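>>> Have a look at this prediction, sequence included:
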Amino acid sequence: MNEGRIWLYVSPSVGIPLFFIAIFTVALLVHASILMNTTWFGAYWQGSAAAAPAASAAPMEAAPAADAMAPMEEAPAQ
């Protein structure tokens with residue numbers, strides 16, 4: 001462990017709580033930014049299905065599932 005010597009300079013009783021406070025702060029900031037910068041996240045928490053009609057309005061241009069899983073045919077030998 002390369003970082004093991006940090007505890008010679010920082011007491012574990014100070015460093016470990018600071019480490020966990022930093023993790024908590026970053027996680028809180030990420031969740032808050034998602035909540036504040038999206039329209040669907042708050043509706044998701046409220047149980048709303050507002051995003052479902054937008055997803056179903058997209059046309060189905062993909063190949064059917066049966067064709068997608070079929071093996072590729074080999075080209076004839078010449």
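Everything's here; your move.

>>> alpha carbons only for contacts and neighbour counts from here, please
Noted.

>>> how about low-confidence regions in the chain?
1, 49-78 (pLDDT under 70).

>>> Let me see the ranges of the helices in this protein.
Assigned by DSSP state H, the chain shows helices spanning 12-37, 40-46, 52-56, 65-68.

>>> now the ones you listed in CSV, with distance to Gly4 and mean neighbour count?
Listed next are these as CSV, based on distance: least, CA to CA, whole Å; neighbours: other CA atoms under 10 Å:
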stretch, distance to Gly4, mean neighbour count
helix 12-37, 11, 12
helix 40-46, 40, 12
helix 52-56, 50, 9
helix 65-68, 51, 9
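
>>> would you list those in a markdown table and tack on distance to Ile6?
Shown next, in a markdown table, are the helices of the chain (distance: least, CA to CA, whole Å):
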| stretch | distance to Ile6 |
| --- | --- |
| helix 12-37 | 9 |
| helix 40-46 | 40 |
| helix 52-56 | 50 |
| helix 65-68 | 54 |
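
>>> closest one to Asn2 among those?
Of all the helices of the chain, the one in closest proximity to Asn2, counting by CA to CA, is helix 12-37 (16.2 Å).

>>> Which neighbouring elements make contact with the closest one?
When contacts are defined as 3 or more CA pairs under 8 Å, 6 or more residues apart in numbering; DSSP states H and E, helix 12-37 sits against helix 40-46.

>>> Export the helix it packs on to PDB, keeping only CA atoms.
C-alpha atoms of helix 40-46 as PDB (Å, rounded to 0.1, in the frame of the first residue of the first chain):
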ATOM      1  CA  TRP A  40     -37.800  13.500 -14.900                       C
ATOM      2  CA  PHE A  41     -36.100  12.800 -11.600                       C
ATOM      3  CA  GLY A  42     -38.600  14.700  -9.400                       C
ATOM      4  CA  ALA A  43     -41.500  13.100 -11.300                       C
ATOM      5  CA  TYR A  44     -39.900   9.700 -10.800                       C
ATOM      6  CA  TRP A  45     -39.800  10.200  -7.100                       C
ATOM      7  CA  GLN A  46     -43.500  11.200  -7.200                       C
END
